[in-house]
Structure formats: structure tokens, C-alpha cells
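Undergrad: Here you go, sequence then predicted model.
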Amino acid sequence: MLNVKRVVLRSRPGKDGLPVPENFRVEELMKSPELKEGQVLVRTLFLSVDPYMRCRMNDDTGADYLLPWRLGEVVDGGGVGVVEASKNQALSVGITVTSFSWPWQTYNVMDGSLLQEVDPEMVDGHLSHVLGAVGMPGLTALLGVREKGHVTPGSHQTMVISGAAGACGSIAGQIGRLDGCERVVGICGSEQKCQALVTELGFTAGINYKKGDISSALREHCPAGIDIYFDNVGGPISDAVISQMNPGGHVILCGQISQYNKDVPYPPPLSEDTQKALCHKNITRERFVVLNYIEKHAEGLVQLSRWVKTGQIKVLETVVNGIENMGEAFCSMMTGGNIGKQVVKITD
Ligand SMILES: NC(=O)C1=CN([C@@H]2O[C@H](COP(=O)(O)OP(=O)(O)OC[C@H]3O[C@@H](n4cnc5c(N)ncnc54)[C@H](OP(=O)(O)O)[C@@H]3O)[C@@H](O)[C@H]2O)C=CC1
Ligand SMILES: CCCCCC(=O)/C=C/[C@H]1[C@H](O)CC(=O)[C@@H]1CCCCCCC(=O)O
């Protein structure tokens with residue numbers, strides 16, 4: 001018999017409400033894991049908390065690729081763990097595996113078809129990176145910049161990133177620099193984060209949107225205007241950035257976290273001024289979803305792994321311990337408590 005802890009959705013915050021840790025409930029039970037053909041028993045090592053999960057807390061997620069979490073049921077998301085028992089020929093005991101649909105549970109019986117094997121060498125043994133820099137957020141940064149950013153080395157471009165100290169933003173800015181942008185300016189929510197962007201990650205400057213006027217800080221740090229905008233947040237921050245973009249610029253529409261606690265569709269409607277600015281200056285703003293580029297994921301992960309191993313990309317992470325703290329970790333990430341990727345360590 002196994003002692004299993006799991007997290008279920010207790011209540012929904014409402015489409016217009018702030019999520020709270022009490023929306024989740026931790027349960028403990030004894031289970032005897034019976035494996036059917038094709039299944040494996042996995043022990044969870046790390047679980048991911050991500051902004052899109054806020055949409056899964058609603059009964060209508062607003063996105064066709066996202067299913068709502070159901071009340072009273074175990075919630076799921078990105079996870080990584082180790083196979084402890086197997087009735088699947090392709091997945092042997094002891095290997096490391098990952099999935100986008102990992103139940104928030106200390107142990108899971110899972111169908112092997114839901115799992116991908118992980119080579120721990122790819123992350124130099126740092127298995128949490130499978131959920132961050134060498135995983136979905138890293139790919140989002142890489143493919144977002146490469147597919148929608150139009151970075152042209154030697155053309156003195158300025159890139160601005162909002163949500164710059166988070167999982168995707170911190171990697172996107174470093175890729176902008178590696179790919180040849182002349183200036184890479186990050187917007188984030190604290191002085192400590194701004195300092196990390198510049199001293200640890202090599203950004204040109206950091207702007208704290210909670211202090212002072214963003215527009216004048218952007219004018220100071222982007223004297224030649226803005227060519228590329230990696231947008232993680234939307235709302236008034238994005239209005240301020242787009243108003244200073246150069247003609248022919250490109251917005252990478254990655255996410256709009258500032259609007260996720262509101263009852264608006266995705267992507268949320270733009271202000272009239274911003275719409276006019278995009279149109280008059282011929283700025284592209286195409287929707288980007290990393291899952292639409294699955295054929296580029298394997299090659300992208302090899303590139304990200306190489307950059308991290310050679311130190312060309314630095315990884316920032318915020319780690320919380322214990323499955324009991326999943327709800328706290330999620331709500332903390334949604335309000336800026338993380339620097340780099342927020343993960344939860346479940347077992348050693
Ligand atoms: N298109 C795609 O395929 C994908 C899109 N995404 C999107 O990318 C974005 C970043 O995700 P991820 O890197 O995982 O998360 P982060 O690690 O960046 O964490 C979220 C951050 O958002 C910031 N934030 C929260 N509320 C606000 C607000 N009202 N205004 C400005 N900033 C806010 C906080 O930082 P701060 O201290 O700076 O406020 C917080 O740390 C999200 O919008 C997400 O939905 C993510 C993955 C894939
Ligand atoms: C509705 C707001 C979405 C904002 C954009 C965003 O954060 C998208 C995130 C996805 C990204 O494309 C890759 C992912 O892993 C995120 C979604 C994961 C989908 C899992 C689907 C599982 C399910 O619905 O059952």
C-alpha cells in the first residue's frame with residue numbers, strides 16, 4: 001500500500017475573481033497501485049505552476065486547447081518524475097519521464113502514452129529545468145522570438161520584454177541578446193528583479209512597472225524606439241510599449257497575464273489607441289502558441305540545453321517544497337512572487 005497525497009480543485013475563483021490557495025484542497029489516502037498493460041507507476045519529483053492554469057480554473061477556459069479542471073477532481077499540469085514500476089515495454093523502472101498532463105499527486109499510475117522519456121544529461125541533472133528553461137517555457141521563448149520576432153543581426157534592434165523576470169520572459173530576453181538585438185530591456189515588478197535582469201542575465205536595463213512612469217523609463221532606455229516586443233502581460237504596460245514602437249515592428253503575442261482574472265476572451269480586446277498604433281505603423285501582432293510548433297520542439301530543446309550547459313543562458317528558478325503548497329505556489333506566481341520559473345519540489 002502506498003501513502004498518496006493529491007490536490008483537488010475545491011472551488012472556482014469565478015471568471016472575475018482572484019485565485020486563492022483555498023481554491024485547492026489536499027487529500028491523503030492509501031492506495032494499492034495495480035498496473036494494467038501499458039501503464040507505469042511514477043513518483044512525482046517536480047510539478048509546474050503556470051499562468052494558463054488560471055484559465056483552467058474557470059468552467060469555460062476561453063481557449064479551445066485548454067480543458068477546464070473539474071470540481072472535486074485531481075488537477076494536472078506539467079510534471080516530471082521517475083518510473084517506480086512498469087508494465088510498459090518502452091518505459092523501464094528508474095527512467096525519468098515528463099508530461100503536460102501530470103496529476104498533482106505524489107504517486108500516479110499513468111498510461112505510458114501520456115509520458116515522454118527525459119534524458120537527465122540534457123539538463124545536467126537539474127530535473128526541474130525540464131519544466132522551465134529546457135522545457136515548455138524555454139521553447140515558448142525560443143520559438144516565440146524565432147517565429148514571430150524577426151530579429152535581424154546587425155540592424156541595431158531594440159527588444160522589450162514584459163514579464164521579463166519570469167519563466168518565459170527571462171529566457172526570451174537572453175535569446176534576443178544572443179540572436180543579435182542591440183538593446184534588450186525588461187519590464188518586471190520589483191527592483192530586485194530589475195537588478196537580476198541586468199547583473200545576472202545580461203539585459204541592457206530593467207524597468208520596475210510598480211515604481212515611476214513606464215513611458216518615460218522606456219524613452220530613456222529605448223532611445224531609438226522599440227522594434228520587437230515580447231508581450232507576456234498585456235493591459236496598460238503593453239499599451240505603453242506599443243505606443244513607442246517603430247514602424248514595421250513586431251509584437252510577439254505570448255500571453256496576457258494581467259487580464260487572466262477578468263471575464264474577457266483571449267486575446268483580450270485592445271484599446272482603440274493601441275489598435276490605431278498597430279495599424280498606422282504596420283506593426284505585426286500575431287497570436288503565438290508553443291503547442292502549434294511541436295515539430296520544432298526536439299531541436300529547440302537541444303538548442304536550449306546547449307545554451308544552458310555552456311552558460312550562454314542563465315536559469316533563474318523559485319522552488320517551493322511540498323505538494324501541500326501547490327495552491328500557495330500557484331497564487332504566488334500569479335502575483336509576482338517568483339523570479340524565474342516557479343516549480344514545486346514534491347519528493348527527492
Ligand atoms: N503562448 C504560449 O504558448 C505560452 C504563453 N505563456 C504565457 O507567457 C506569460 C508568462 O508565463 P510564465 O513565464 O510561465 O510566467 P511567469 O514566470 O512570468 O510568472 C508570471 C509573472 O507575471 C507577472 N504578472 C502577474 N500579474 C501581472 C500584472 N497584472 N501585470 C504585469 N505582470 C504581471 C508577475 O511578475 P512581476 O513581478 O513582473 O509582476 C509573475 O511573476 C503568461 O502570459 C503565459 O500565459 C506561457 C507559456 C506558453
Ligand atoms: C487562455 C490563455 C492562454 C494563454 C497562453 C498560455 O499561457 C498558453 C499556454 C500553453 C502553451 O501553449 C503550452 C502549454 O503547455 C500551455 C497549455 C497547456 C495545454 C495543456 C492542455 C491540457 C488540457 O487542457 O487538458
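TA: Happy to help now that I have it. Ligands and ions are numbered 1, 2, ... in the order given.

Undergrad: Wait, residue 278 touches residue 286, no?
TA: No - contact status for residue 278 versus residue 286: not in contact, 11.2 Å apart, counting by Cβ atoms under 8 Å. Quick note: C-beta positions are derived from backbone N, CA and C, even for glycine.

Undergrad: between these two, who's got more neighbours?
TA: Between residue 278 and residue 286, counted using other Cβ atoms under 10 Å, residue 278 has the larger neighbour count: 17 against 10.

Undergrad: tell me which element the more buried one falls in.
TA: For residue 278, the enclosing helix or strand under DSSP states H and E is helix 272-280.

Undergrad: Only the buried residues of that helix, if you could.
TA: Taking 16 or more other Cβ atoms under 10 Å as the basis for neighbour counts, the residues of helix 272-280 that come out buried are 274, 277, 278.

Undergrad: Let me have those in a markdown table, extended by distance to residue 328.
TA: Listed next are those as a markdown table, based on distance: Cβ to Cβ, whole Å:
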| residue | distance to residue 328 |
| --- | --- |
| 274 | 35 |
| 277 | 39 |
| 278 | 38 |
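
Undergrad: which among those gets closest to ligand 2?
TA: Distances from ligand 2 to the buried residues of helix 272-280, taken as Cβ to the nearest ligand atom, are shortest for residue 274 (18.6 Å).

Undergrad: Verify the contact between the closest one and residue 242 for me.
TA: Yes - counting by Cβ under 8 Å, residue 274 sits close enough to residue 242 to count as a contact (5.2 Å).

Undergrad: Could you check the pLDDT of the residue in the stretch 101-250 of the chain that ligand 2 sits nearest to?
TA: Nearest residue of the stretch 101-250 of the chain to ligand 2: residue 136, at 4.8 Å (Cβ to the nearest ligand atom). Residue 136 is assigned a pLDDT of 98 by the prediction.

Undergrad: quick revisit: just checking, what packs against the helix holding residue 278?
TA: Contacts of helix 272-280 with other secondary structure elements, assessed using 3 or more Cβ pairs under 8 Å, 6 or more residues apart in numbering; DSSP states H and E, are made with helix 235-243.

Undergrad: Tell me which residues of the very next helix or strand once past the helix it packs on come out buried.
TA: Beyond helix 235-243 on the C-terminal side, the first helix or strand identified by DSSP H and E is strand 245-253. Judged by neighbour count using 16+ other Cβ under 10 Å, the buried positions of strand 245-253 are 245, 249, 250, 251, 252, 253.

Undergrad: Do any residues in strand 245-253 lie close to ligand 1?
TA: No - taking Cβ under 6 Å from any ligand atom as the criterion, strand 245-253 and ligand 1 are apart, separated by no less than 7.5 Å.

Undergrad: any idea which helix or strand carries the residue positioned nearest the centre of the chain?
TA: Among the residues of the chain, residue 137 comes closest to the average C-alpha position under Cα atoms, centre = their mean, at 4.3 Å. In this assignment (DSSP H and E), residue 137 forms part of helix 136-148.

Undergrad: same thing with residue 14?
TA: With the criterion set as DSSP H and E, no secondary-structure element contains residue 14; it sits in neither a helix nor a strand.

Undergrad: For it, give its distance to residue 263.
TA: Note on residue 14: its distance to residue 263, by Cβ to Cβ, to the nearest Å, is 8 Å.
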